[in-house]
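Trainee: build me a model:
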Amino acid sequence: MISKEMAAGYCLKFGQMRNFPRDMPAAFGELVLAMECSDTEEIARRATATFLDNADPETPCPMPRNIREAIYAIQEPVYEAPRPPEPVCPDCEDSGIVGGFLGGPRGIWCDCLSGQKLKAKHPGELDAVNEVYDKLTARLGKKETTRELLARIASERRTLANVTQILSSIDAGRQQ
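Mentor: I've put the predicted structure just below:
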């Protein structure tokens, strides 16, 4: 952020524009506060220029929101988000697990570094998930139904306890 004094200097350049808050210190303070969002003096200069380049005495003074939008429009291209690294393991795409849980083969730990770390952190989890998968397949029979249910469970980020409750409700529905 730039200093308050520097931001005030840039805001004073709007002084010849219509509705400039000459006699309203609080409103001028809001303009300054908006200008302080600039990360550098160059960004503040460029944002100010977007308003002054085509301005005349009848052009209205920018509002704080307009100033922030101009600043962010300049800053955004400068600060692009870093791209996530490409997966290293071609077998599991760094998930640590090979195989699908949505109607495909049972999951197995991958031999890559991600698989080793995941297995060490959650040693019995994959066996528990495979067991639930096997129960679902046996109870429901149809792979499409199994896929749909497993997709719902995965999308809701269910825990193993929640999955057990779902299995119990399926059994209760079949008994009625």
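Trainee: show the backbone phi and psi for the residue nearest to Ser3 when sequence neighbours are not counted.
Mentor: Once flanking residues are discounted, Ser3 sits nearest to Glu36: 7.8 Å by Cβ to Cβ, 6 or more residues apart in numbering. (Glycine included, C-beta is placed from N, CA and C.) Here is the backbone geometry of Glu36 (degrees, to the nearest 10): phi -60, psi -10.
Trainee: correct me, but Glu36 touches Gly9?
Mentor: No. Checked against Cβ atoms under 8 Å, the pair Glu36 and Gly9 is beyond contact range at 11.6 Å.
Trainee: ok, these two, which is more surrounded?
Mentor: A side-by-side neighbour count of Glu36 and Gly9, using other Cβ atoms under 10 Å, places Glu36 first with 20 against 16.
Trainee: show the contacting residues for the more buried one.
Mentor: When contacts are counted by Cβ atoms under 8 Å, 6 or more residues apart in numbering, Glu36 is found next to 1-4, 7.
Trainee: buried ones among those residues?
Mentor: 2, 7 (16 or more other Cβ atoms under 10 Å).
Trainee: distance of the residue nearest to Ser3 from Arg45?
Mentor: Separation of Glu36 from Arg45 (Cβ to Cβ, to the nearest Å): 14 Å.
Trainee: so which residues of the protein form helices?
Mentor: Using DSSP state H, the helices of the chain run over 4-12, 25-35, 41-52, 64-78, 113-121, 125-140, 143-155, 160-175.
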